[in-house]
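Engineer: pasting the sequence and the predicted model now:
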Amino acid sequence: MQKIAMLALCAGIFANASAQTIDPFANSQLPPPAGYSGPVFALSHAYPASQTIPAMPWRAAINNGQITTANAGVYAEALKAAIGADMRVMLLDYKNWNAGQRGWYNEPWMGATSVAKQRVRMREPLRGMYVGSDELDANLFKASGLKRPITTYVLTYYDKTAAVTLNKVWGATAQEPNLTAQSTQFAEGSVIIKAAFVTAGPALWPVMQGTVSWPAYVSVNATLPKPPTAPMLTNTYLMQFDIIVKDSVAAPKTGWVFTTLVYDSRVAKTGDIWDKMVVLGAQWGNDPQASDPAIVKPVLQENWMNPNAPAYGSATLGWGGRLSGPNDGAINNIAYPVGKKPTLKYARNAQSSSCMSCHSSAQWNLASHSMPSFLLPILNSGSIQLPKPQNGTDFMLTPAPGSALWMKWFQNRKGDVPMDAGNIAGDFDMVLTFKSLPNWYASTHTPGVAHTLMNFDLQGKRLPSKEGE
C-alpha cells in the first residue's frame with residue numbers, strides 16, 4: 001500500500017510539474033524562425049478590472065433604436081468606422097502596434113499547451129494567429145478561381161470594455177477560471193474582433209489580389225501539395241474580419257449584433273486595406289421562424305446581407321442564407337435520418353450553421369468540464385459520430401434540417417441563457433468555451449492528454465492524431 005501511495009504521489013508531483021511549465025499567457029511555444037528580424041506578437045493580458053460605459057456610435061447611427069434589415073448596413077458601417085483607426089495600425093503598421101496601449105486584449109491559454117499534438121494549432125510567434133479552419137475545400141470557391149484548398153489562421157482581440165469580463169473569468173494568473181452565471185457576461189458596448197487570413201495568395205485565388213499579407217510561422221497548410229512536417233515561414237492573406245458587439249438596445253432578443261467584413265479587390269485603389277474590407281452582412285438573431293427546409297431562401301428578419309459584397313463572400317452563407325463568412329465552417333457534408341424507419345440521407349456542401357447559431361452553443365458544464373452541445377447541429381453531442389464515408393467523403397451525422405432538435409441551434413437566447421439547462425452560459429464567447437477552457441483543463445488537470453474538444457475542428461472533423469501529421 002505504501003508503495004502504491006508513493007507511486008501515486010510521484011505521479012501527482014510529475015503531473016503538477018508538467019502543468020506548471022505551461023504559461024497561460026505565453027505568446028507562443030515556438031521561437032521566431034532563424035533569420036527573422038521583423039516584429040513579433042506580444043500577448044495583451046493586463047485586463048482592466050472596470051470600465052466606464054463607452055460611446056456607442058453604432059447605436060446613434062440608427063437613432064438608438066432596434067436594428068432591422070433596413071438599417072443594418074448603416075449600423076455595420078458605423079461599427080466598422082468606430083474601430084478603424086486601431087485596425088489600420090494593426091493591419092498596416094504592425095511594428096507600431098501596441099495592443100494594450102490601444103485598449104485591446106487577448107484571451108489566455110492559446111499560446112502553449114501540454115498536449116504535444118496540439119502545439120501546431122496554438123498561436124504562432126509572429127502575429128499570434130492560430131488555426132481557424134484546418135482545410136476548406138477549393139470547390140467551395142471554385143467560382144472565384146481558388147485553385148487549392150486553404151487553411152485559415154485567425155487572431156481575436158477584445159476591447160477594453162469586453163476585457164473586463166476576461167478579468168472576471170481569468171484574473172491575474174489565469175490558473176483557476178471563475179465561472180459563474182454572472183462572471184462570463186459582457187457589458188453593454190463590448191466589442192470583440194477576429195481577423196482571418198488564408199494560406200492562398202492571389203496566384204492561387206485571384207480575389208486576394210492587393211490584400212494585406214502577414215508572415216506566419218506555421219506547419220498546418222492545406223494549400224501546399226504535401227503538408228509540412230515542421231513549421232515554416234508562410235505568407236498569409238487577409239480575407240475576413242468579424243466584429244461583434246454587445247448591444248441589447250439594438251438586439252433585445254439576443255443582446256448581440258454580429259457583423260462580417262470580407263476583402264474586396266474591386267474597391268478603388270486609392271482606398272487602404274480597411275476601406276477594402278467590405279461589409280458582407282449582419283446578424284442579430286437566429287430567425288427561428290424560418291424553419292422549413294423546403295424553402296431554400298426564406299425571408300429572414302434578423303439577418304441582412306449586403307448585395308454589393310464580393311460574390312465569394314456569399315458562397316458559404318449559413319442555413320437558409322443566414323450570416324456566415326468563408327472562414328466560419330457553415331458548409332458541411334451532412335447525413336441525417338429520414339422516414340418512419342429512418343434511413344440516412346446524404347447532402348454534400350449543405351448549409352448547416354451560421355454565426356450566431358454556432359456561438360449560441362457557448363456554454364460550459366462545471367461537472368464534466370466540457371461543452372454539452374457542439375458548435376453545429378450534431379446527433380449524440382459530445383461524441384461526434386460520422387456515418388460511413390461515401391465515395392471517400394466523410395459525412396457528419398446531424399438531426400434532420402428543420403426538425404425540433406436541429407432548431408435547438410437556431411433559437412434566440414440571451415447570452416446568460418445556456419443552450420442546455422444546468423450549464424454556465426458563455427455569452428456567445430466561443431473562444432472561451434471551445435478554445436481556452438479545454439486547453440486550460442488539459443494543461444492543468446490531464447497534462448499531455450487532449451481534452452475531447454481539442455480533437456475536433458470547428459466543423460466537427462477529427463484532427464490528425466499525431467503532431468505534424
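Structural biologist: Thanks, I have the structure now. Remember, predicted model here, so these are calculated numbers, not experimental data.
Engineer: in which helix or strand would I find the residue nearest to W104 when sequence neighbours are not counted?
Structural biologist: Distances taken as C-beta to C-beta, 6 or more residues apart in numbering put Y157 closest to W104, at 4.3 Å, once the chain neighbours are dropped. No exception for glycine: its C-beta is placed from N, CA and C like everyone else's. Assigned by DSSP states H and E, Y157 belongs to strand 150-159.
Engineer: just checking, what packs against the helix or strand just after that strand?
Structural biologist: Per DSSP H and E, the first helix or strand lying C-terminal to strand 150-159 is helix 163-170. Judged by 3 or more C-beta pairs under 8 Å, 6 or more residues apart in numbering; DSSP states H and E, the packing partners of helix 163-170 are strand 104-105.
Engineer: and the strand it packs on, which strands flank it?
Structural biologist: strand 150-159 (antiparallel) (DSSP bridges).
Engineer: and the angle for the strand it pairs with with helix 163-170?
Structural biologist: 100 degrees (axes from the mean of the first three to the mean of the last three C-alpha atoms, to 10 degrees).
Engineer: starting at the chain centroid, how far to strand 150-159?
Structural biologist: 7 Å (C-alpha atoms, centre = their mean, to the nearest Å).
Engineer: just the C-alphas of it, formatted as CSV.
Structural biologist: The C-alpha trace of strand 150-159 is given here as CSV (Å, rounded to 0.1, in the frame of the first residue of the first chain):
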residue,chain,number,x,y,z
ILE,A,150,-6.9,26.7,-47.9
THR,A,151,-6.1,26.8,-44.2
THR,A,152,-7.3,29.8,-42.3
TYR,A,153,-5.4,31.5,-39.4
VAL,A,154,-7.3,33.8,-37.0
LEU,A,155,-6.5,36.4,-34.4
THR,A,156,-9.0,37.6,-31.8
TYR,A,157,-9.0,40.8,-29.7
TYR,A,158,-11.3,42.0,-27.0
ASP,A,159,-11.7,45.8,-26.5
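Engineer: mind listing the strands for the stretch 201-350 of the chain?
Structural biologist: Listed in chain order, the strands of the stretch 201-350 of the chain (DSSP state E, counting those that start in this stretch) span 213-218, 232-246, 256-263, 277-283, 303-305, 331-338, 343-351.
Engineer: try the stretch 351-469 of the chain
Structural biologist: In the stretch 351-469 of the chain, the strands defined using DSSP E, counting those that start in this stretch lie at 363-364, 396-397, 424-425.
Engineer: pipe those strands into a markdown table and attach mean neighbour count, mean pLDDT and distance to R119 per row.
Structural biologist: A markdown table is the format used below for the strands of the stretch 351-469 of the chain (neighbours: other C-beta atoms under 10 Å; pLDDT from 0 to 100; distance: least, C-beta to C-beta, whole Å):
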| stretch | mean neighbour count | mean pLDDT | distance to R119 |
| --- | --- | --- | --- |
| strand 363-364 | 23 | 98 | 24 |
| strand 396-397 | 20 | 91 | 26 |
| strand 424-425 | 22 | 99 | 28 |
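Engineer: which one of the ones you listed lies closest to L179?
Structural biologist: Of all those, it is strand 424-425 that lies closest to L179, at 5.0 Å by C-beta to C-beta.
Engineer: partner strands of that closest one and their direction?
Structural biologist: strand 363-364 (antiparallel).
Engineer: for this structure, what helix or strand is lowest in average pLDDT?
Structural biologist: Every helix and strand in the chain was compared by mean pLDDT, DSSP states H and E; the lowest is helix 2-20, with a mean of 40.
Engineer: quick one, helices of the stretch 1-150 of the chain?
Structural biologist: Secondary structure of the stretch 1-150 of the chain by DSSP state H, counting those that start in this stretch: the helices cover 2-20, 57-61, 72-82, 84-92.
Engineer: for the stretch 351-469 of the chain, that is, sorry about that
Structural biologist: 355-359, 430, 437-445.
Engineer: show me how far the last one is from its chain's centre.
Structural biologist: Average the C-alpha atoms of helix 437-445, do the same for its chain, and the two points are 19 Å apart (C-alpha atoms, centre = their mean).
Engineer: what's the mean pLDDT across it?
Structural biologist: For helix 437-445, the mean pLDDT works out to 97.
Engineer: what comes up buried for it?
Structural biologist: Neighbour-count burial for helix 437-445, counted by 16 or more other C-beta atoms under 10 Å, picks out 437-444.
Engineer: what's the residue nearest to W104 in contact with, if anything?
Structural biologist: Neighbouring residues of Y157 by C-beta atoms under 8 Å, 6 or more residues apart in numbering: 44, 99, 104-106, 192-194.
Engineer: top of those residues by neighbour count?
Structural biologist: I192 (27 neighbours; other C-beta atoms under 10 Å).
Engineer: surely it forms part of a helix?
Structural biologist: No: I192: not assigned to a helix; according to DSSP: H, G, I helix; E, B strand; the rest coil it is strand.
Engineer: for it, give me its contacts.
Structural biologist: Taking C-beta under 8 Å, 6+ apart, one finds 156-159, 162, 243-245, 429 in contact with I192.
Engineer: does it have beta-bridge partners, and which?
Structural biologist: For I192, the beta-bridge partners under DSSP bridges are Y158, I244.
Engineer: ditto for the one 5 residues further on
Structural biologist: When bridges are called by DSSP bridges, F197 pairs up with Y153, L238.
Engineer: what about the stretch 201-350 of the chain, any weak spots by pLDDT?
Structural biologist: Within the stretch 201-350 of the chain, no stretch falls below the threshold (pLDDT under 70).
Engineer: K168: which of the strands of the stretch 351-469 of the chain is closest?
Structural biologist: Comparing the strands of the stretch 351-469 of the chain by C-beta to C-beta, strand 424-425 comes nearest, at 12.4 Å.
Engineer: how far out from the middle of the chain is the helix or strand just after that closest one?
Structural biologist: Later in the chain than strand 424-425, the nearest helix or strand by DSSP H and E is helix 430. Relative to its chain's centre, helix 430 lies at 6 Å (C-alpha atoms, centre = their mean).
Engineer: contacts for helix 430 next, please.
Structural biologist: So helix 430 is contacted by 358-359, 361-362, 375 (C-beta under 8 Å, 6+ apart).
Engineer: for that helix, give the mean pLDDT please.
Structural biologist: The average pLDDT within helix 430 is 97.
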